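[1] Next come a sequence and a model predicted from it.
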Amino acid sequence: MSATTRRLNALGRAELTLLVRNRTTLFVALLMPPAMIMLMASTLDGMDLGPAGMSIGEATMTGGIGMVLILVVHLNLVSAYVARREELVLKRLRTGEVPDHEILTGTALPAVGLALAQCLLIVIAGMALLDLGAPRRPDLLVAGILLGTLLTAALAAATSAFTRTVESSQITTMPMFLISLPGSGLLFPLDVLPDKIASVCELLPLTGAMTLVRAGWLGDTGSGELLGAAVTALAWVVVSVFAVQRWFRWEPRR
């Protein structure tokens, strides 16, 4: 086992212990995504999804994966980064041999692992309980989930730079949630929106990843749309990483 792997394992185990001890964070990570999926199912009930070429079950599962990315990865990681910064944990870690990117990655490992496990459960539940059948393009589904996870984790680190306290993270994470819910295809497919509004929504941070997730379920998305979705998602990842390098704070805000 390499030194990098050992350090990441140690950081990940420590962060997992803190996650399990924080009942509020654990509640949000484990129970909020199922609750939001039920809300989406009730919202989509009776909606005409013909223009989107999706069933209610497929739309619900797609939105459920997006909810996991926002609630489990983005929301939890903003709180985690801010808490470790204010507790001087990040500052102490930087005095050792651990590189900056390993500190950020190790802190994110438990949330990312939990999110990936929940996404897998959503896919299995969709096939077993909603009679959706297997995803037609599992490669695109996996690519969308991985891109979305990377993006929401990077955005969380960037957002923490502008978050003064753990309590205020509930406010700074709200724009991502409120914008993505209707604008990135979580609450309903973008195809049901007017063309001009849908074109703007396609440029939102999480839309590209969600387009790949939807294509993984349906398997009928054109190559041009897939390429555009992947480029949009990668562009947001690059912007987020740049923001982290430029503005991420390692010491408490005073």
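    It's in.

[2] what bits of the stretch 151-254 of the chain have low per-residue confidence?
    With pLDDT under 70 as the threshold, the stretch 151-254 of the chain has low-confidence stretches at 253-254.

[3] what are the ranges of the strands in it?
    Secondary structure of the stretch 151-254 of the chain by DSSP state E, counting those that start in this stretch: no strands are present.

[4] Report how many residues lie close to residue 64.
    When counting by other C-beta atoms under 10 Å, one arrives at 26 neighbours for residue 64. (Glycine included, C-beta is placed from N, CA and C.)

[5] how about the helix or strand it falls within as PDB, C-alpha atoms only?
    Counting by DSSP states H and E, the element that carries residue 64 is helix 56-68. Listed in PDB are the C-alpha atoms of helix 56-68, where the atom choice follows Å, rounded to 0.1, in the frame of the first residue of the first chain:
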ATOM      1  CA  ILE A  56     -42.700   8.900 -14.100                       C
ATOM      2  CA  GLY A  57     -40.500   6.200 -12.700                       C
ATOM      3  CA  GLU A  58     -37.600   7.100 -14.900                       C
ATOM      4  CA  ALA A  59     -37.900  10.800 -14.200                       C
ATOM      5  CA  THR A  60     -38.100  10.000 -10.500                       C
ATOM      6  CA  MET A  61     -35.000   7.900 -10.500                       C
ATOM      7  CA  THR A  62     -33.100  10.400 -12.500                       C
ATOM      8  CA  GLY A  63     -34.100  13.200 -10.100                       C
ATOM      9  CA  GLY A  64     -33.300  10.900  -7.100                       C
ATOM     10  CA  ILE A  65     -29.700  10.500  -8.200                       C
ATOM     11  CA  GLY A  66     -29.400  14.300  -8.500                       C
ATOM     12  CA  MET A  67     -30.900  14.700  -5.000                       C
ATOM     13  CA  VAL A  68     -28.200  12.400  -3.600                       C
END
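
[6] on contacts alone, who are the packing partners of that helix?
    For helix 56-68, the helices and strands in contact under the criterion 3 or more C-beta pairs under 8 Å, 6 or more residues apart in numbering; DSSP states H and E are helix 23-44, helix 100-129, helix 138-160, helix 207-218.

[7] ok, now with 6 Å
    Packed against helix 56-68, as judged by 3 or more C-beta pairs under 6 Å, 6 or more residues apart in numbering; DSSP states H and E, are the following elements: helix 23-44, helix 100-129, helix 207-218.

[8] Count the residues that sit near residue 2.
    Around residue 2 there are 7 other residues, counting by other C-beta under 10 Å.

[9] Burial check on the nearest residue to residue 231 once chain neighbours are set aside, number of neighbours?
    Taking C-beta to C-beta, 6 or more residues apart in numbering as the measure, residue 231 lies nearest to residue 208, with 7.4 Å between them; neighbours along the chain are not counted. Summarising burial for residue 208: neighbours were counted as other C-beta under 10 Å, giving 27.

[10] so what's residue 208 up against?
    With contacts taken as C-beta atoms under 6 Å, 6 or more residues apart in numbering, residue 208 has the following neighbours: 229, 232, 233.
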